[in-house]
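1. show me the folded form of this:
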Amino acid sequence: MTVNGLNGASLNGASHSTTSRPLTSGIFAPIPSFFLADSEDLDIPTFETHIVRLANAGVPPLIAGSMGEGIHLSHQERITLIKAGRKALDAAGYTKIPIIAGTGAGSTRETINLTQEAADAGADYAIVIASGYFAGALTRAALKAFWVEVSAKSPIPVIIYNFPGASSGIDLDSDIITELAEECPNLAGVKLTCGNVGKLTRIASVVSQPSFAKLCPRKNPDAPFLVLGGFADFILTSSYVNGNGAIIGLANVAPHATAKLFNLSLQTHGNESLLPEAQRLQGIIAQGDFTIAKTSIAGTKALMQKLYGYGGLPRKPLPPTDPKVLEALWAHPHVKALVEAEKECGGQFI
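-> You can find the predicted model right below:
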């Protein structure tokens, strides 16, 4: 079986999974990395528990991304998490759920090396952000060359990660992203954590055309170029301009509700009577996402601790959530409404 266009072979001669797991539209969750309180070592059992919890809701994982504090992880720790995630999913019967791994690093060379390591560990797709350390010196040509080279040398399809807040303001416009999509057959999409709905619309208008697939075929036919949001507040909106869903931290808190919103959004296209319910759920999710996001990774983890009994603290130097902030978050009407919506959609809490 051909895997991601490379028949299962990696660049250094090692081989990774021979199972092709298609990348499809939907909601994906950037999984937090969980740490033991006394040592900050990886808490693998909790990580495995959470990945399976989300898989039960139909939400595939993104490992070692921003929410997963990828920047705080060593190469080996990222690999350990990928292997643990694949093992947990397979053991739970989710052998077809793909794993996306964050492999962005400081240099192009290290990014390529880390992407190779992730592929060998069992990742099906990589998501790559450009380092912002030398953002002022990175010209448009340099940024474009980065994703061209990384995708060309990666054994697995690569998703562009556009997150100005985590890359010193680097914000790719729709022109450069569509150029990359057209020119790089091993690119499988873009995550827009810039929150720019206009940009999403412009990109989707190009890559969703039937002519795009014919003129710019993907190296891996199981990995079409997806246009994914990075926030939960325009899932319904983006479905109407041929967006493909979202990769959102909120899916860690409300996986059933966010997955239902995506599916409901698609159903409204053929049944307008469902639109009021989709709009109601989108409003609850948008408000919840906006409120929870203000407390960053630590707040999401603290909220998960309340809801699931696990979450813990981020790695230093990220500070923990102030108890008063958590108390206010827990009591916030937006959070209460979100928790109720998750219960209505099948979610279970402690």
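2. mind checking how far Y94 is from F262?
-> 18 Å (C-beta to C-beta, to the nearest Å). To be clear about C-beta, it is placed using only N, CA and C from the backbone, and glycine gets the same treatment.
3. which one of those two is surrounded by more residues?
-> F262 (25 against 20; other C-beta atoms under 10 Å).
4. report back the residue of the protein that's furthest from centre.
-> S273 (30.7 Å; C-alpha atoms, centre = their mean).
5. now do the same end-to-end measure for stretch 31-46.
-> 11 Å (C-alpha to C-alpha, to the nearest Å).
6. can you list contacts of it?
-> Stretch 31-46 has contacts (C-beta atoms under 8 Å, 6 or more residues apart in numbering) with 47, 50-51, 54, 61-65, 67-70, 72-73, 77, 80-81, 84-85, 252, 297, 300-301, 304, 310-316.
7. in PyMOL, how would I select just the buried ones from those residues?
-> The buried subset of these, as determined by 16 or more other C-beta atoms under 10 Å, is captured in PyMOL by this line:
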select buried, resi 47+50+51+54+61+62+63+64+65+67+68+69+70+72+73+77+80+81+84+85+252+297+300+301+304+310+311+312+313+314
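8. show me the contacts of stretch 31-46 that map onto helices.
-> The members of the contacts of stretch 31-46 that map onto helices under DSSP state H are 47, 50-51, 54, 77, 80-81, 84-85, 297, 300-301, 304.
9. turn those into CSV, columns for pLDDT and distance to A341.
-> Listed next are these as CSV, based on pLDDT from 0 to 100; distance: C-beta to C-beta, whole Å:
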residue, pLDDT, distance to A341
F47, 98, 26
H50, 98, 20
I51, 98, 22
L54, 98, 16
E77, 98, 34
T80, 98, 34
L81, 98, 29
A84, 98, 30
G85, 98, 27
I297, 98, 22
T300, 98, 17
K301, 98, 21
M304, 98, 16
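10. pull the most distant pair out of those.
-> Using C-beta to C-beta, the ones in helices among the contacts of stretch 31-46 reach their maximum pairwise distance at T80 and T300, which is 21.8 Å.
11. out of everything not next to it in sequence, what's closest to L172?
-> N162 (4.9 Å; C-beta to C-beta, 6 or more residues apart in numbering).
12. dig out what the one you found forms beta bridges with.
-> Note on N162: beta-bridge partners L192, judged by DSSP bridges.
13. is it in contact with S174, as I believe?
-> No. Applying C-beta atoms under 8 Å, one finds N162 not in contact with S174, separated by 10.2 Å.
14. between those two, which has more neighbouring residues?
-> Set N162 next to S174 and count neighbours by other C-beta under 10 Å: N162 wins out with 22 against 19.
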